[in-house]
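Colleague: sharing a sequence plus its predicted fold:
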Amino acid sequence: MIRIATSAVGIPVLLAILWYGGSLGFFLLVALAAVIANIEFHQMISHSGVGGFVVEGTLLAFLMVLNFYFGGVYFMEWIFISILTLFLAWFIREDNEKIALDQISFTLMGAMYTGGLLGFFLLIRQQPEGAQLIIFLLLIIWSGDALAYYVGRNFGRRPLAKTSPNKTWEGAVGGLCGSMIAALISGFTYLSQLSPSHCLLVAFICGIIGQFGDLAESLLKRNTGVKDSGNILPGHGGILDRIDSLLFAGPAFYLYLKLAS
C-alpha cells in the first residue's frame with residue numbers, strides 16, 4: 001500500500017515537471033536525482049570497508065549532468081577537473097596509500113554511474129517531442145518491471161543470476177513481454193516519432209538492457225551487503241533502486257535514436 005501511495009504521488013510530479021517544466025525544470029529534476037543517487041552510491045560502498053569522497057563525487061555527478069544540459073560539449077573538461085579534484089582530495093585528506101586508487105576509482109565510478117548515465121535523459125529531452133519519447137521509455141521500463149515482478153513471483157522457477165536470487169528467467173521473459181506490450185500501445189496511440197515496428201525494436205533492446213541495469217545494481221548491493229540503496233522513497237527503497245533499469249535503458253534509447261535518424 002505504501003509502495004502504491006508513493007507512486008501515486010511521485011509519478012504525477014515527475015510527469016508534470018517533464019511536460020510543463022521546460023528544459024531547465026527537467027535539468028533540475030535530473031540533477032537532483034543524480035545528486036541523491038550519488039550519495040546513496042557512496043553510502044553503499046562505505047559498507048565494503050573502503051569509502052570514496054562523497055562531497056567531491058556528488059559535485060562531479062552534478063557537473064556531469066550540467067555537461068549534458070549543454071549538449072555534452074564539456075566532457076573533456078569534466079575529465080580533467082575530475083582527475084585533478086580526486087587526486088587533490090586524497091593528498092589533502094588521506095594518508096593510506098594502499099587504498100588510494102580504490103577511493104579515487106570508486107568516486108569516479110559513482111559520478112559516471114549516476115550523473116553520466118542519467119545525463120542521457122537530457123539529450124533525449126532535447127530531441128523533437130522529447131517529452132513524449134521519455135514518457136515512452138518510462139512506460140516500457142515500468143511495464144517491464146511490473147510484469148517481471150508478477151510473473152517471477154507467481155511462475156518463476158529457474159534463477160536468472162547468482163547476484164539476484166529472487167529474479168528468474170520466467171520473470172525476465174515476462175518483463176520483456178510487458179515492455180513490448182507497452183511499446184505497441186504507445187506506437188498505435190500517442191507516439192508519432194516512431195513507427196510501431198521501431199517501438200517494438202526499442203522495447204526489445206531497452207527491455208533487455210534495462211534488466212541488465214537492474215542486475216548491475218543488485219551486484220553493487222550484494223557486494224556491499226545492503227538490501228536497498230536508501231529509504232527516500234517509502235516502499236521502493238532509494239532513488240538508485242527505482243532508476244537502476246533506466247540508468248542503462250536511457251543511453252541505449254538515445255543511441256538508438258541517433259543511429260536511426
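Modeller: Nice, thanks for sending it over. Numbering: from 1, shown residues only.

Colleague: the residue sitting furthest away from the middle of the chain is in what secondary structure piece?
Modeller: For the chain, the largest distance from the centre (Cα atoms, centre = their mean) belongs to Asp95, which lies 33.6 Å off. Using DSSP states H and E, Asp95 maps to neither a helix nor a strand.

Colleague: quick one, strands of this protein?
Modeller: Here the chain has its strands, by DSSP state E, at 159-161, 164-168.

Colleague: any chance of those strands in JSON lines, plus distance to Ser105?
Modeller: No exception for glycine: its C-beta is placed from N, CA and C like everyone else's. Below are these laid out as JSON lines (distance: least, Cβ to Cβ, whole Å):
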{"stretch": "strand 159-161", "distance to Ser105": "24"}
{"stretch": "strand 164-168", "distance to Ser105": "24"}
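
Colleague: want to throw those strands into TSV with mean neighbour count?
Modeller: Shown next, in TSV, are the strands of the chain (neighbours: other Cβ atoms under 10 Å):
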stretch	mean neighbour count
strand 159-161	17
strand 164-168	16
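
Colleague: would TSV of those strands with distance to Ile2 and mean pLDDT be doable?
Modeller: What follows is the strands of the chain, written out as TSV (distance: least, Cβ to Cβ, whole Å; pLDDT from 0 to 100):
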stretch	distance to Ile2	mean pLDDT
strand 159-161	27	86
strand 164-168	20	85
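
Colleague: what's the closest of those strands to Gly25?
Modeller: strand 164-168 (34.5 Å; Cβ to Cβ).

Colleague: identify the residues contacting the closest one?
Modeller: Ala148, Gly152, Gly156, Arg157, Arg158, Pro159, Leu160, Ala161, Asp214, Leu215, Ser218, Arg222 (Cβ atoms under 8 Å, 6 or more residues apart in numbering).

Colleague: same thing with stretch 252-261?
Modeller: Phe120, Leu123, Ile124, Gln127, Leu133, Leu137, His198, Leu201, Val202, Ile205, Cys206, Ile209.

Colleague: give me the nearest residue to Cys177, chain neighbours excluded.
Modeller: In space, and not counting its chain neighbours, Cys177 is closest to Leu147: 6.3 Å by Cβ to Cβ, 6 or more residues apart in numbering.

Colleague: just the contacts of stretch 252-261: which are in helices?
Modeller: Residues of these located in helices (DSSP state H): Phe120, Leu123, Ile124, Leu133, Leu137, His198, Leu201, Val202, Ile205, Cys206, Ile209.

Colleague: just flag the most distant two among the residues you listed.
Modeller: Farthest pair in these, by Cβ to Cβ: Leu123 and Leu201, 19.6 Å.

Colleague: more neighbours: which of those two?
Modeller: Per other Cβ atoms under 10 Å, whichever of Leu123 and Leu201 has more neighbours is Leu123, with 20 against 16.

Colleague: and stretch 10-17, average pLDDT?
Modeller: Regarding stretch 10-17, the rounded mean pLDDT is 90.
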